[in-house]
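>>> Pasting the sequence and the predicted coordinates here, then a few questions.
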Amino acid sequence: MSIYKTYAVFGLGRYGFAVAKELSSSGAEVLAVDISQEIVDDAINEIPLCKCADVTDPDVIRQLGVSNIDVVIVAMAGSLEASVMAVTLCKEAGVETVIAKCASEMHRKILSKVGADIAVLPESESGTRLAKNILSSGFMDVIELSKDVSMVELEVRNEWTGKNLLQLDLRKKYSLNVVAIRQNGEVSIDFDPQKPLEKNMKLVVIANTEKLNKLK
């Protein structure tokens with residue numbers, strides 16, 4: 001993902017505000033939305049495009065033009081019902097990537113089932129860090145396994161397309177251990193390392209967090 005994609009952040013609590021502010025300050029186009037006018041008034045100095053709206057309302061989703069946004073971050077972990085509605089409406093509107101903040105592991109499972117592409121727990125993902133990850137060159141954290149090791153989803157780079165994992169030797173070059181491949185909504189852990197990679201594939205890898213910087 002990059003600053004050339006469009007983003008929306010639903011919910012401007014401390015976490016959502018940090019995500020929206022980091023995205024905006026990095027030059028990305030960001031729509032920030034909260035149901036509280038007071039919160040919106042406080043945020044507008046840092047995030048130019050702020051709206052007061054109820055994102056659990058299908059009409060509001062249409063009026064906001066969410067169908068034209070590439071990535072939506074749903075940061076309303078305090079209300080599971082509101083998060084479920086927002087995630088569902090965004091996916092129905094055709095949003096490519098919906099990231100949802102979760103209050104618990106159970107909420108993570110529920111939001112994933114209703115369509116969230118990535119669900120994060122605030123204990124393992126700060127708002128600023130999430131924004132930096134989704135702006136970085138092709139990867140975002142899925143699960144932080146420890147302080148130094150993360151499971152991440154990695155987009156197939158242009159120079160990797162047509163080559164297989166044995167040829168690329170990602171483990172030697174970047175200390176990346178590929179554990180699964182996601183394509184067309186399906187995840188496979190029993191993949192052929194000699195099969196050429198395709199652009200629409202995503203690699204799920206376990207890696208040292210610091211060494212991921214080599215890919216930026």
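In hand now; what should we look at? Numbers count the residues shown, from 1 in each chain.
>>> all helices for the chain, in order.
14-25, 37-43, 58-63, 80-92, 105-113, 127-135, 165-168, 170-174 (DSSP state H).
>>> Same question for the last one: list its buried residues.
Read it as helix 170-174. Burial within helix 170-174, assessed by neighbour count using 16 or more other Cβ atoms under 10 Å, is assigned to Leu170, Tyr174. No exception for glycine: its C-beta is placed from N, CA and C like everyone else's.
>>> Just the CA atoms of that helix, as CSV, please.
Taking C-alpha atoms only, helix 170-174 is exported to CSV below (Å, rounded to 0.1, in the frame of the first residue of the first chain):
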residue,chain,number,x,y,z
LEU,A,170,13.7,-15.2,0.3
ARG,A,171,14.8,-16.9,3.5
LYS,A,172,18.5,-16.3,2.6
LYS,A,173,18.1,-12.8,1.3
TYR,A,174,15.6,-11.4,3.7
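>>> what's the spacing between that helix and its chain's center?
24 Å (Cα atoms, centre = their mean, to the nearest Å).
>>> before we move on, what about the longest one?
If you compare the mean C-alpha spot of helix 80-92 with that of the full chain, they lie 15 Å apart, counting by Cα atoms, centre = their mean.
>>> And for stretch 8-28?
13 Å.
>>> Per-residue pLDDT of Lys147, please?
Predicted confidence (pLDDT) for Lys147: 60.
>>> cool, and the one 10 residues further on?
For Arg157, the pLDDT comes out at 87.
>>> do the same with Lys216
Lys216 is given a pLDDT of 56.
>>> what's the answer for Ser124, then?
So Ser124 comes in at 48 (pLDDT).
>>> cool, Glu81 as well?
pLDDT, read off for Glu81, is 92.
>>> Show the contacting residues for the closest residue to it other than its chain neighbours.
Spatial nearest neighbour of Glu81, excluding adjacent residues (Cβ to Cβ, 6 or more residues apart in numbering): Thr56 at 7.8 Å. Thr56 sits next to Glu81, Ala82, Met85, Ala86, Leu89 when contact means Cβ atoms under 8 Å, 6 or more residues apart in numbering.
>>> re the thing from before, is it possible to export the helices of the chain to CSV including distance to Ala207?
Below are these laid out as CSV (distance: least, Cβ to Cβ, whole Å):
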stretch, distance to Ala207
helix 14-25, 22
helix 37-43, 34
helix 58-63, 36
helix 80-92, 27
helix 105-113, 21
helix 127-135, 13
helix 165-168, 14
helix 170-174, 7
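>>> What separation is there between Phe10 and Val19?
Between Phe10 and Val19 the computed distance is 10 Å (Cβ to Cβ, to the nearest Å).
>>> which one of the two has more residues nearby?
Phe10 (31 against 28; other Cβ atoms under 10 Å).
>>> I'd say that one and Val72 touch.
Yes: with contact defined as Cβ atoms under 8 Å, Phe10 reaches Val72; the gap is 6.6 Å.
>>> Determine the residues that are contacts of both of those two.
Common contact partners of Phe10 and Val72 (Cβ under 8 Å, 6+ apart): Ala86.
>>> Now tell me which of the helices of the chain the model trusts least on average.
In terms of average pLDDT, helix 127-135 trails the rest of the helices of the chain, at a mean of 64.
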